[in-house]
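Enquirer: based on what follows, work out the 3D shape:
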Amino acid sequence: MKKSRIMALILTGVICVSLFAGGCSLVTVNPEQDKKQAIAEIDGTPVLKEDYNNYMAYYQMYFDASSMTFPTDKELTTLKKDILKDLVRVETLTAKAKKDGVTVDETGIAANATNMLGSLKTTLGDDKYAKVLATYNTDATSFEAFLNKFLLDYSYANTMETNYTNTLKADPSKELNTVVGTVGKEEVKKDLYNYRLANEELLTYYQTQAALKTDAATMKKTNETIFNTIAEQKALAQYAEEKNLTAKQEDIDSYVTTQQAFVNYLLPGDEALQQFLDAKFLTIAQFKEFMKQDGTASAISKAVQADLQGSIKVTDGEIKKYYDENKASYDTSTVSAKHILATEQALADQVYAEAKNAKTVAEFDAIMAKYQNTDGIKEAADLGAFTKSTMVTEFSDAAFAMDVNTVSEPVKTDYGYHVIYVYDKKAGETPSLESKKDEITETLKSQKLTEEFDKLKTKLVNKFKVKINDIATPADTYLEELKTELNVKVYENRI
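Expert: Reported below is the predicted structural model:
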């Protein structure tokens, strides 16, 4: 459970009804002494387990009220650790805020706490409310005092993080000059890393219409991609220099134009782009300068491939072998068919039972009309005329083997189960090897060039030792600085 998730849950106040089933026994001996244990110390002031218990109680209430299943086993262990981390985070930032004389609107926060408590009690009911408190070794007085204080402290914490972010925006050099790893003997700083991360985020959104995930596994993979890209660019630049290969300006300009159009498609206008870059502490000018460097790297890549291309040879034997293996794809014969596509075989079997005796287009159309709005039917449509290479293999093999005005048994593909009706077939011809020779030659040369270029990149990149540091967000970096300043100690084994 990420910190941001915990923060979101604390502040929502959106409550619905559920009953807590299970519970967990936090202590078995002397509960009053247990909750007075210090689970952390911040600038000499203890954070008591009582606060942690109350935070866990709130979390349980939120899950109960939202009809969500409370974590168990490993997920519960992770949640407990995240709750402790968030509690320490908030208290550390609050301690620094008070030390620096920062103030917040306490009146508005108190009103919010009152509303949240009222909503919890109303939604859960007195019995459920009391049961959760008892489960976490706390009571109404302690819990309500904690929630009032924690929401206040939370406001202090948010204010401190916002102030720190604004400081970095005014002078981002500290953030952007942070070394996040090395490629060969060269340091990789946060400015380049943030640019590359911005590109990964944009590409992910373009491909999936969703934001790049920030879990540990995804970020590990993303960081490896970023550093591999940096290493590859450096390796190819060094290779091109050694072989006196020059990047063409038209290739650089073409890349930049294409990339600018891509970015503008996702983030129209400078204002939208700058808002996106604010989180990376980059300006549009810096972003465009890195884009030009990418353009140069892309042009160098093309220059290296052009140099390799001269050594690529294709034999007549390779051409004939490719022609023989792909002969069917050159056939211009067509089949015209309709199909009903089901997600489950049982439903496809039901459709086939009704359609198997269809002998005319009208008869199959009637069955398509009957099923087209049925749950589990993905499509009921006329596919028109198609060549064998047009459709997925299983579908084409079945359709081309059928007679006109016949229905197939369900055919399984990656899309589901197809009941196919063929209503026309036209014989075509297969072009000769000689007529396809030039096309096949270019295809094979392209394939070989890709293989040789990939081998070269791997060989070159392997000469560069890549080291990726632990890469922290500015907020996490700031928190670690404060933990050192305030001599924060955490006793995780006491929860």
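
Enquirer: shouldn't residue 429 be in contact with residue 327?
Expert: No: Residue 429 is beyond contact range of residue 327, at 11.7 Å (criterion: CB atoms under 8 Å). All C-beta spots, glycine's among them, are computed from the backbone N, C-alpha and C.

Enquirer: out of those two, which sits in the busier spot?
Expert: Between residue 429 and residue 327, counting by other CB atoms under 10 Å, residue 327 is the more crowded of the two (13 against 9).

Enquirer: need the contact list for the more buried one.
Expert: By CB atoms under 8 Å, 6 or more residues apart in numbering, the residues touching residue 327 are residue 430.

Enquirer: distance check, it against residue 144.
Expert: As judged by CB to CB, to the nearest Å, residue 327 and residue 144 stand 79 Å apart.

Enquirer: neighbours of residue 77, how many?
Expert: Using other CB under 10 Å, residue 77 has 12 neighbouring residues.

Enquirer: same thing with residue 53?
Expert: 25.

Enquirer: what's near enough to touch the residue nearest to it when sequence neighbours are not counted?
Expert: Excluding the flanking residues, the one nearest residue 53 by CB to CB, 6 or more residues apart in numbering is residue 136, at 4.5 Å. By CB under 8 Å, 6+ apart, residue 136 lies in contact with 26, 53, 54, 56, 57, 60.

Enquirer: how close does residue 136 sit to residue 69?
Expert: Distance of residue 136 to residue 69, computed by CB to CB: 18 Å.

Enquirer: follow-up on the earlier one: mark which of the contacts of residue 136 are part of helices, please.
Expert: The members of the contacts of residue 136 that map onto helices under DSSP state H are 53, 54, 56, 57, 60.

Enquirer: wouldn't the third one be in contact with residue 83 here?
Expert: So that's residue 56. Yes: contact criterion CB under 8 Å: residue 56 and residue 83 qualify, at 6.0 Å.

Enquirer: which one's more surrounded, these two?
Expert: Neighbours per residue (other CB under 10 Å) separate residue 56 from residue 83, with residue 56 holding more: 23 against 18.

Enquirer: for that one, give its distance to residue 137.
Expert: To residue 137, residue 56 is 10 Å away according to CB to CB.

Enquirer: then residue 426?
Expert: Distance from residue 426 to residue 137, by CB to CB: 80 Å.

Enquirer: the more surrounded of these two?
Expert: Between residue 426 and residue 137, counted using other CB under 10 Å, the more crowded position is residue 137 (20 against 10).

Enquirer: name the SS class of the more buried one, please.
Expert: Secondary structure, DSSP: H, G, I helix; E, B strand; the rest coil: residue 137 is coil.

Enquirer: for the nearest residue to it once chain neighbours are set aside, give its distance to residue 373.
Expert: Leaving aside its sequence neighbours, residue 137 sits nearest to residue 31 (CB to CB, 6+ apart; 4.8 Å). Residue 31 is 60 Å from residue 373, where distance means CB to CB.

Enquirer: of these two, give the one with the bigger neighbour count.
Expert: residue 31 (13 against 8).

Enquirer: for the chain, where's the lowest mean pLDDT among helices and strands?
Expert: Taking mean pLDDT, DSSP states H and E as the measure, the chain has helix 3-12 as its least confident helix or strand, at a mean of 45.

Enquirer: average pLDDT for stretch 69-87?
Expert: Per-residue pLDDT over stretch 69-87 has a mean of 94.

Enquirer: what's the closest of the contacts of residue 136 to residue 247?
Expert: Closest approach to residue 247 among these (CB to CB): residue 56, at 58.6 Å.

Enquirer: the closest one - nearest residue in space that isn't next to it in sequence?
Expert: residue 136 (5.2 Å).

Enquirer: per-residue pLDDT, the one you found?
Expert: 95.

Enquirer: just residue 15 next, same as before
Expert: Value for residue 15, per-residue pLDDT: 31.

Enquirer: now the phi/psi pair for the residue nearest to residue 53, please.
Expert: phi -100, psi 20 (degrees, to the nearest 10).

Enquirer: pull out the buried positions in stretch 393-406.
Expert: 395, 396, 398, 399, 400, 402 (16 or more other CB atoms under 10 Å).

Enquirer: for stretch 225-235, that is, sorry about that
Expert: Buried residues in stretch 225-235, counted by 16+ other CB under 10 Å: 226, 227, 229, 230, 231, 232, 233, 234, 235.

Enquirer: swap in stretch 120-137?
Expert: 120, 121, 123, 124, 128, 129, 131, 132, 133, 135, 136, 137.

Enquirer: which of the helices or strands spans the third one?
Expert: Secondary structure here is read from DSSP states H and E; on that basis residue 123 sits in helix 106-135.

Enquirer: and the helix or strand following that helix, what does it pack against?
Expert: Of the helices and strands lying after helix 106-135 in sequence (DSSP H and E), the nearest is helix 140-170. In this structure, helix 140-170 packs against helix 3-12, helix 49-65, helix 73-99, helix 106-135, helix 474-485, with contacts taken as 3 or more CB pairs under 8 Å, 6 or more residues apart in numbering; DSSP states H and E.

Enquirer: could you check the angle helix 49-65 makes with the third one?
Expert: So that's helix 73-99. 120 degrees (axes from the mean of the first three to the mean of the last three CA atoms, to 10 degrees).

Enquirer: how close does residue 465 sit to residue 297?
Expert: Counting by CB to CB, the gap from residue 465 to residue 297 is 20 Å.

Enquirer: more crowded one of the two?
Expert: Ranked by neighbour count (other CB under 10 Å), residue 465 and residue 297 place residue 297 first, with 20 against 10.

Enquirer: so which of the helices and strands packed on helix 140-170 comes closest to residue 257?
Expert: Of all the helices and strands packed on helix 140-170, helix 474-485 comes closest under CB to CB, at 32.8 Å.

Enquirer: would you indicate which residues of that closest one are buried?
Expert: Using 16+ other CB under 10 Å as the test for burial, helix 474-485 gives 474, 475, 477, 478, 479, 482, 483.

Enquirer: do stretch 367-378 as well
Expert: Under the neighbour-count criterion of 16+ other CB under 10 Å, stretch 367-378 has 367, 368, 371, 376, 377 buried.

Enquirer: and the closest residue to the second one other than its chain neighbours, bridged to which residues?
Expert: It stands for residue 368. Among residues not flanking residue 368 along the chain, residue 380 sits closest, at 4.1 Å (CB to CB, 6+ apart). Beta-bridge partners recorded for residue 380 (DSSP bridges): residue 340.

Enquirer: relative to residue 421, how far out is the residue of the chain most remote from its centre?
Expert: Within the chain, the residue lying farthest from the chain centre (CA atoms, centre = their mean) is residue 359, at 49.3 Å. Here the criterion is CB to CB. By it, residue 359 lies 10 Å from residue 421.

Enquirer: any common contacting residues for the two?
Expert: Residues touching both residue 359 and residue 421 (CB under 8 Å, 6+ apart): residue 405.

Enquirer: turn the buried residues of helix 474-485 into CSV, columns for pLDDT and distance to residue 77.
Expert: Compiled in CSV, the buried residues of helix 474-485 are given as follows (pLDDT from 0 to 100; distance: CB to CB, whole Å):
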residue, pLDDT, distance to residue 77
474, 94, 28
475, 94, 24
477, 94, 26
478, 96, 27
479, 96, 22
482, 97, 26
483, 97, 23
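
Enquirer: so what strands line up beside the strand or helix carrying residue 181?
Expert: Taking DSSP H and E as the definition, one finds residue 181 inside strand 179-183. Here strand 179-183 has these sheet partners by DSSP bridges: strand 186-189 (antiparallel), strand 466-468 (antiparallel).

Enquirer: and that strand, how far out from the chain middle?
Expert: Centroid separation between strand 179-183 and its chain, computed with CA atoms, centre = their mean, to the nearest Å, is 23 Å.
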